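Chemist: Give me a model of this one.
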Amino acid sequence: MNNQWDEISEKLYQIYKKENIVDSFQNDEEYLRKAFYYIEKLWNEQFDKIDDIKIILISEAPLFGDNKSYIYNVNTVPSSFFHFKDITAFPTWDETIIQPTSIQEQKKLMLQEFYKNGLIILDIFPFAFNDNDTRLNYRKMNTKLYKELLEVTKENYLLPKLNKCFSKLTGDSKFVYRYKRLYEKTGNHFDSVLDSVSSEIMYTTDTINGDNMSLNKNKLESLLKS
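Modeler: Numbering: from 1, shown residues only. Below you'll find the model as predicted:
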């Protein structure tokens with residue numbers, strides 16, 4: 001994994017240099033590197049618990065920050081990306097379970113439903129950019145830079161991640177964007193990367209974006225049952 005980050009970091013350095021913010025690279029890189037290793041460790045732990053992947057839920061990247069905000073971190077509050085109440089969309093959810101009040105217990109139940117139902121979160125970027133820790137921010141960068149980041153992280157991050165996921169795909173696996181804006185922002189990039197991994201893999205892409213950035217639970221439940 002060290003070699004993987006070194007290659008990703010070199011690509012990021014060239015971006016910072018091109019954007020004339022190379023003076024911020026050292027501090028940003030230190031934070032991004034630590035976040036990357038932390039996130040990858042948690043992601044791999046969840047991946048190993050899944051037998052067959054039914055849904056790959058596509059996201060941009062965690063905000064992370066000082067509190068290590070990440071969906072697979074049981075010590076951080078569930079966000080709008082996936083609220084605790086959204087687990088009722090899973091066919092395996094037991095309505096008679098007494099809902100816990102602690103963040104840790106809620107998160108543990110969420111993650112348990114994730115792997116029981118074959119759902120894995122896939123970030124398309126390896127960089128946990130945010131307003132407080134880095135000069136770059138996904139929401140504030142222009143379209144040209146955003147697409148450039150998609151391209152430079154494809155070979156050393158997204159492709160290896162997808163190849164790993166492909167080892168557990170089933171015939172009815174689906175690639176689902178959490179937010180419609182991400183689907184629109186990335187264009188056909190994700191589809192082209194999928195095609196480059198294997199032209200023989202049959203897949204469908206969809207979104208589960210609801211009203212006001214909420215998660216469409218009915219849509220997710222339908223996809224899990226199909």
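
Chemist: Can you spell out which helices and strands pack onto the helix or strand hosting residue 105?
Modeler: Using DSSP states H and E, residue 105 sits within helix 103-116. Helices and strands touching helix 103-116, by 3 or more C-beta pairs under 8 Å, 6 or more residues apart in numbering; DSSP states H and E, are helix 25-49, strand 119-123. Glycine gets a C-beta too; all of them are placed from N, C-alpha and C.

Chemist: So which bits of that helix are buried?
Modeler: Using 16 or more other C-beta atoms under 10 Å as the test for burial, helix 103-116 gives 106-107, 109-111, 113-115.

Chemist: Can you check what angle separates that helix from strand 119-123?
Modeler: Per axes from the mean of the first three to the mean of the last three C-alpha atoms, to 10 degrees, the angle that helix 103-116 makes with strand 119-123 is 100 degrees.

Chemist: Let me know the average pLDDT across helix 103-116.
Modeler: The average pLDDT for helix 103-116 rounds to 93.

Chemist: now stretch 57-71
Modeler: Computed over stretch 57-71, the mean pLDDT rounds to 95.

Chemist: how long is that stretch end to end?
Modeler: Using C-alpha to C-alpha, to the nearest Å, one end of stretch 57-71 lies 12 Å from the other.

Chemist: Residues in contact with it: which ones?
Modeler: 35, 38-39, 42, 75-79, 81-82, 119-130, 132-133, 138, 175-179, 182-183, 190, 208 (C-beta atoms under 8 Å, 6 or more residues apart in numbering).
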